[in-house]
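Build me a model from this:
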Amino acid sequence: MTTRPKWRNGTGTLVTPEAPEVSLEIVTTYRKRARGLLGRDGVDGAFLITPCASVHTFRMRFTIDVAYLDRDLTVVAVHTMKPGRLSLPRLRARSVLEAEAGAMARWGVRPGTRLTVRV
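Numbering: from 1, shown residues only. Modelled structure (predicted):
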């Protein structure tokens with residue numbers, strides 16, 4: 001088990017198996033986590049919400065891919081969510097990675113994949 005850094009709001013880079021570098025927005029505070037991607041027409045790169053074990057897409061304008069990550073940033077599950085949906089909590093999930101629909105498949109993100117975040 002690796003120790004992850006103390007996350008803070010900001011930006012970083014996500015390294016995935018099939019995409020060497022993806023721009024990443026990291027959100028950790030209650031206010032930013034609650035707002036998430038609401039009010040946006042899309043997302044460039046990825047959006048990491050931590051701590052987080054489930055998400056919703058109420059009032060969202062676009063379909064997203066959601067990857068649930070454990071404490072070591074290993075993918076527990078990946079789902080595509082249309083607007084107006086609520087996900088079930090994932091017991092092992094400590095963070096959630098969101099991106100536009102289809103991005104996770106392009107990046108090679110699937111259950112069991114270990115991701116790296118550079119801040």
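
For this structure, give me the ranges with low pLDDT.
Low-confidence segments of the chain (pLDDT under 70): 1-5.

That one: helices as residue ranges?
Secondary structure of the chain (DSSP state H): helices at 30-35, 103-107.

Can you give the distance of stretch 95-106 from its chain's centre?
7 Å (Cα atoms, centre = their mean, to the nearest Å).

Spatially nearest residue to residue 73 (excluding sequence neighbours)?
Distance criterion Cβ to Cβ, 6 or more residues apart in numbering; nearest residue to residue 73, sequence neighbours excluded, is residue 115 at 4.6 Å. Bear in mind the C-beta positions are built from the backbone N, C-alpha and C, glycine included.

Thought residue 104 was touching that neighbour, still the case?
No. Between residue 115 and residue 104 there is no contact under Cβ atoms under 8 Å: 10.7 Å.

for the protein, what spans make up the strands?
10-15, 22-27, 46-49, 64-69, 75-81, 95-100, 116-118 (DSSP state E).

Can you add distance to residue 34 and give those strands back as JSON lines?
Below are the strands of the chain laid out as JSON lines (distance: least, Cβ to Cβ, whole Å):
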{"stretch": "strand 10-15", "distance to residue 34": "18"}
{"stretch": "strand 22-27", "distance to residue 34": "9"}
{"stretch": "strand 46-49", "distance to residue 34": "10"}
{"stretch": "strand 64-69", "distance to residue 34": "16"}
{"stretch": "strand 75-81", "distance to residue 34": "17"}
{"stretch": "strand 95-100", "distance to residue 34": "13"}
{"stretch": "strand 116-118", "distance to residue 34": "22"}
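
okay if I get the ones you listed as a markdown table plus mean neighbour count?
Output for those, formatted as a markdown table (neighbours: other Cβ atoms under 10 Å):
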| stretch | mean neighbour count |
| --- | --- |
| strand 10-15 | 16 |
| strand 22-27 | 20 |
| strand 46-49 | 24 |
| strand 64-69 | 25 |
| strand 75-81 | 17 |
| strand 95-100 | 24 |
| strand 116-118 | 13 |
